[in-house]
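S.K.: Need coordinates for the following:
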Amino acid sequence: MIERFEHPWFLLLLLLVLLLIIFRKPKYFIRHSYLPAIMGAKKIALVSFLMWTGWLLIILATVDYAIGYKDSYQKLITHNYVLINDGSGSMVANGELNGVGKNLTTLLNANDNFLKTLESIERSDGNRDSVGMLVFSSDPFILSYFVEDYDFIRQKMFQLDWRIPPLNQGTEVNKAIWAGINLILKKNMDLGGSSFSDEELINLELGFRGESRIFSIQKFKFLVERFSLIRQQIKGSSMIIFTDGSFSIDGGEASMSVIKLLLFCKEMDIRVYFISVEPIDSVLINYVKLTGGEVTIVESFNRERISNAYKKIANQQAGEREIVDRHQKKSYSDLFAGMGLALLTIYVVLKNTVSRSLTEV
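M.R.: From the prediction side, this is the model:
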């Protein structure tokens with residue numbers, strides 16, 4: 001516990017005590033000429049009290065006596081956004097460079113404006129929100145894992161050839177949502193958080209299949225055991241899904257249910273947003289709202305409305321805070337050490353003092 005005595009005055013007090021202990025011979029005694037004498041048993045009792053109390057305080061200082069308490073504070077939430085873009089055949093212009101026609105140009109510009117909005121948001125903690133991106137058609141394709149370098153995202157999305165498989169085909173939104181969930185869980189694992197094994201992920205995926213719209217986390221023991229921890233670790237995660245086509249919200253024997261995936265997102269506190277050119281089933285809208293997200297319907301690829309929908313999401317979540325409980329300990333070692341050394345100093349001074357009355361001067 002030597003590092004506890006970091007204040008210079010502690011060292012001075014300790015040095016004074018050592019010097020007074022060394023100079024215990026009568027010729028070094030201090031003589032008080034103007035104080036009445038403290039005689040007999042009273043002086044012995046006082047000196048003993050100072051000595052034992054001083055050493056007791058020194059012992060308490062060396063064991064680093066501390067009292068625990070809980071300190072709550074507000075912390076800015078760092079968000080993890082997954083941009084999920086529809087790359088189905090109706091979105092792709094096969095006669096254009098990389099298949100990017102009017103529809104994809106509108107979508108990519110909206111994504112770019114979303115990134116610009118994030119760049120314009122000033123955070124007092126100096127952190128940046130993370131963004132990942134995937135595109136989908138009949139199957140999803142991860143374009144970028146989570147990064148804070150938004151220029152990297154831009155480079156990836158503007159260089160992509162949308163005409164090649166697995167793009168430029170159907171609209172499998174359920175697979176895209178599952179890929180987004182995996183992206184979020186993978187980031188948590190890469191940061192040292194709790195994760196799932198491949199076998200557990202397969203079992204979870206099978207649980208999303210079937211025609212039933214009921215999903216319960218209690219059916220998955222491995223999920224229940226780590227539910228609270230993982231939920232806290234992925235806090236602030238959102239998926240923003242853009243689509244221009246209709247799709248099935250129910251599952252089957254070989255397909256996952258969008259409803260069940262949304263219920264899982266609700267339990268894990270993952271917000272899901274839909275921006276769609278086509279009308280969306282009112283049932284789906286209700287389940288999306290359960291996640292904390294919302295559905296925006298934009299007709300005829302209105303460039304301004306699509307961009308505003310993305311910017312609205314970024315601005316809504318900017319400045320969000322969470323209350324964090326931090327358990328701390330307050331150490332009293334410095335206080336006990338200072339008091340102990342002070343009492344020992346007074347003890348040595350009195351021990352080495354010969355008191356005389358005025359008649360003895």
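
S.K.: what's the span of stretch 197-217, first residue to last?
M.R.: Across stretch 197-217, the terminal residues are separated by 17 Å (C-alpha to C-alpha, to the nearest Å).

S.K.: Just the buried residues of that stretch, please?
M.R.: Judged by neighbour count (16 or more other C-beta atoms under 10 Å), stretch 197-217 contains these buried residues: 201, 203-204, 207-210, 213, 215. C-betas here are computed from N, CA, C, even on glycine.

S.K.: Over to stretch 237-247?
M.R.: Buried-residue list, stretch 237-247, by 16+ other C-beta under 10 Å: 237-245, 247.

S.K.: And the strands in the stretch 1-150 of the chain, which stretches?
M.R.: 30-32, 66-76, 80-86, 130-136, 140-147 (DSSP state E, counting those that start in this stretch).

S.K.: just so I know, which of the ones you listed lies nearest G293?
M.R.: Closest of the strands of the stretch 1-150 of the chain to G293 is strand 80-86, at 11.7 Å (criterion: C-beta to C-beta).

S.K.: So what are the sheet partners of the closest one and their directions?
M.R.: strand 130-136 (parallel), strand 237-243 (parallel) (DSSP bridges).

S.K.: Which of the helices or strands spans K266?
M.R.: helix 258-267 (DSSP states H and E).

S.K.: other SSEs contacting that helix?
M.R.: With contacts defined as 3 or more C-beta pairs under 8 Å, 6 or more residues apart in numbering; DSSP states H and E, helix 258-267 has these neighbours: helix 173-190, strand 271-276, helix 282-290.

S.K.: Okay, angle between the longest one and strand 80-86 too, please.
M.R.: Angle, helix 173-190 to strand 80-86, by axes from the mean of the first three to the mean of the last three C-alpha atoms, to 10 degrees: 150 degrees.

S.K.: between the buried residues of stretch 237-247, which is nearest I259?
M.R.: Closest to I259, out of all of the buried residues of stretch 237-247 and judged by C-beta to C-beta, is F247, at 12.1 Å.

S.K.: circling back to that earlier point, and the angle from the helix holding K266 to strand 237-243?
M.R.: Using the same axes, to 10 degrees, helix 258-267 lies at 150 degrees relative to strand 237-243.
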